[in-house]
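Undergrad: sequence and predicted structure are below.
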Amino acid sequence: MKANAVSKSNPWLYWFAVLTALATLALIGVGGLVTSHEAGMSVPDWPTTKGYNMFLFPINQWLGGIFYEHSHRLLASLVGLMTTVLAVWLWLKDSRPWMPWLGVAAFLLVVAQGVLGGLRVTLHMDSLGIYHATIAQLFFVLTCAIALFTSRWWQGLERRPPARREENSADKHAVPEAGAPLRGLVLFTTILIFGQLIIAAAMRHQHAGLAISDFPLAHGKLWPDTGAEAVARYNAQRVSINAENPITAFQIELQMAHRGLALAILICVGVVAWRVRSSGFGQSKPSRERRDGTSNVLRRLAFVWLGLTLFQIGLGAATIWTNKAADVATAHVLVGALLLAVGALWCAIAFRESVTEIHDRRTEDRRSPGAAAIGAQPAMTGNK
């Protein structure tokens, strides 16, 4: 493959990549149901299921927690197969040198996920569930990125000729709309969301229920008392009312960190949406914008991001108010994955525009002296 090769769009490959990303999101949802129903050890063996071949396990035994855990295993096997097909397809048909390696990375991640899931069962280690959940988020982002990169729209950007600007334009060296400060803020916020998802995974896999059972207050205060006597009192109430596992001061502080980080993310996403709106981002009509609508795409993603963030905070509150109802808690997990994916895709598009802008500017700067020299030749000939 040539280093500067541009791949032709393949709609079948693109839609298969989209389907793989959707199957991955569904897998994250089923995994959330497994954790919400505390069904992770309903099937104590792996890779077999109750001694049966995983794919031959009798349907009449899919009862209780086994239903969630076994469904998770089967869907994981399907996603693994789809990822393998996607990786091979990219390797054989995508002429861009970096795309097949994204397929290889996706394949390695899905294998790592399968191994971690199996070790979580065979070693009886809840802590492995945190790594399992974290890699699941990264894998989902990667499948979304592959779907974006195989789209006709993205490959149209790669085939786009350098932008031409007026020679006397005062905006010749202007910063593109998705300027460095805005790109940096989105990248920072996306990293915060990833950190938030790690904290959430740690909370969910400690199986301690709700360490803080009220919202917006925390044990009746803005910041809860985490002294030994206070924690003992919280645990006495939990055991007498809900018969739940005892909690620790660290788990209370972890949930407070989760709440604080959620507020920080809301502020950052709100600032992104405000800056996009106040600057008229995506509403100007430069020649390049008319051709591909990149700024308009980023503008819409920014407002989708804000809407998802507000919805996610509502789901977080509902998780507490419903005493961690399985469907509400699982929806909270799914929207968290979508928040991370939207931020990552926003960064991919915006940073590509930045690289393209720099390339276009350098191309035009190299072209300008040459054009000036060519224009000067007739005059020099006349002088002779």
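TA: Everything's here; your move.
Undergrad: I figured Ile66 hits Gly40, correct?
TA: No. Judged on CB atoms under 8 Å, Ile66 makes no contact with Gly40 at a distance of 11.4 Å. (Glycine included, C-beta is placed from N, CA and C.)
Undergrad: mind listing the strands for this protein?
TA: Counting by DSSP state E, the chain has no strands to list.
Undergrad: in it, which segments are predicted with low confidence?
TA: 1-7, 160-179, 207-209, 239-243, 280-292, 354-384 (pLDDT under 70).
Undergrad: show me which of Ile66 and Gly40 is the more surrounded one.
TA: Gly40 (22 against 16; other CB atoms under 10 Å).
Undergrad: Leu157 contacts Thr294, correct?
TA: Yes. Leu157 is in contact with Thr294 according to CB under 8 Å; the separation is 7.1 Å.
Undergrad: give me the more crowded residue out of the two.
TA: Thr294 (22 against 16).
Undergrad: burial measure for the nearest residue to that one once chain neighbours are set aside, as a count.
TA: For Thr294, ignoring the flanking residues on the chain, the nearest one in space by CB to CB, 6 or more residues apart in numbering is Glu353 at 5.7 Å. Neighbourhood size, Glu353 [other CB under 10 Å]: 20.
Undergrad: just Leu123 next, same as before
TA: 10.
Undergrad: now it: how far from Gly117?
TA: Computed as CB to CB, to the nearest Å, the Leu123 to Gly117 distance reads 11 Å.
Undergrad: do Arg275 as well
TA: Applying CB to CB to Arg275 and Gly117 gives a distance of 41 Å.
Undergrad: next: Ala136.
TA: According to CB to CB, Ala136 and Gly117 sit 10 Å apart.
Undergrad: which residue, other than its chain neighbours, is closest to the most centrally placed residue in the chain?
TA: Most central in the chain under CA atoms, centre = their mean is Ala341, positioned 2.6 Å from the mean C-alpha point. Closest residue to Ala341 apart from its sequence neighbours, by CB to CB, 6+ apart: Cys144 at 4.6 Å.
Undergrad: again, but for Arg152
TA: Ser9 (4.1 Å).
Undergrad: same deal with Phe16?
TA: Phe16's closest residue in space is Leu86 (CB to CB, 6+ apart), at 6.3 Å.
Undergrad: and what of Ile130?
TA: Ala201 (4.7 Å).
Undergrad: tell me the contacts of the residue lying closest to Pro100 once chain neighbours are set aside?
TA: Closest residue in space to Pro100, ignoring its immediate chain neighbours: Trp91 at 4.2 Å, by CB to CB, 6+ apart. Trp91 makes contacts with 100, 103-104, as judged by CB atoms under 8 Å, 6 or more residues apart in numbering.
Undergrad: one more time with 10 Å
TA: Counting by CB atoms under 10 Å, 6 or more residues apart in numbering, Trp91 touches 99-101, 103-104, 107.
Undergrad: do you know how far it is from Gly114?
TA: 20 Å.
Undergrad: next one: Leu78
TA: Counting by CB to CB, the gap from Leu78 to Gly114 is 12 Å.
Undergrad: those two: who's more crowded?
TA: With neighbours defined as other CB under 10 Å, Leu78 and Gly114 compare such that Gly114 has more, 18 against 14.
Undergrad: Met336: what's it in contact with?
TA: I think there's a mix-up here, since residue 336 is Gly and not Met. 28, 32, 137, 193-194, 196-197, 200-201, 308, 312, 315-316.
Undergrad: same question, Leu109
TA: 83, 135-136, 138-140, 142-143.
Undergrad: okay, those in JSON lines with distance to Glu253 and neighbour count next?
TA: JSON lines is the format used below for the contacts of Leu109 (distance: CB to CB, whole Å; neighbours: other CB atoms under 10 Å):
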{"residue": "Thr83", "distance to Glu253": "37", "neighbour count": "25"}
{"residue": "Ile135", "distance to Glu253": "25", "neighbour count": "16"}
{"residue": "Ala136", "distance to Glu253": "25", "neighbour count": "26"}
{"residue": "Leu138", "distance to Glu253": "26", "neighbour count": "17"}
{"residue": "Phe139", "distance to Glu253": "29", "neighbour count": "23"}
{"residue": "Phe140", "distance to Glu253": "28", "neighbour count": "21"}
{"residue": "Leu142", "distance to Glu253": "32", "neighbour count": "21"}
{"residue": "Thr143", "distance to Glu253": "34", "neighbour count": "28"}
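Undergrad: Glu158 contacts Thr150, doesn't it?
TA: No. At 11.4 Å, Glu158 does not count as touching Thr150 under the criterion of CB atoms under 10 Å.
Undergrad: which one of the two has more residues nearby?
TA: Thr150 (28 against 14).
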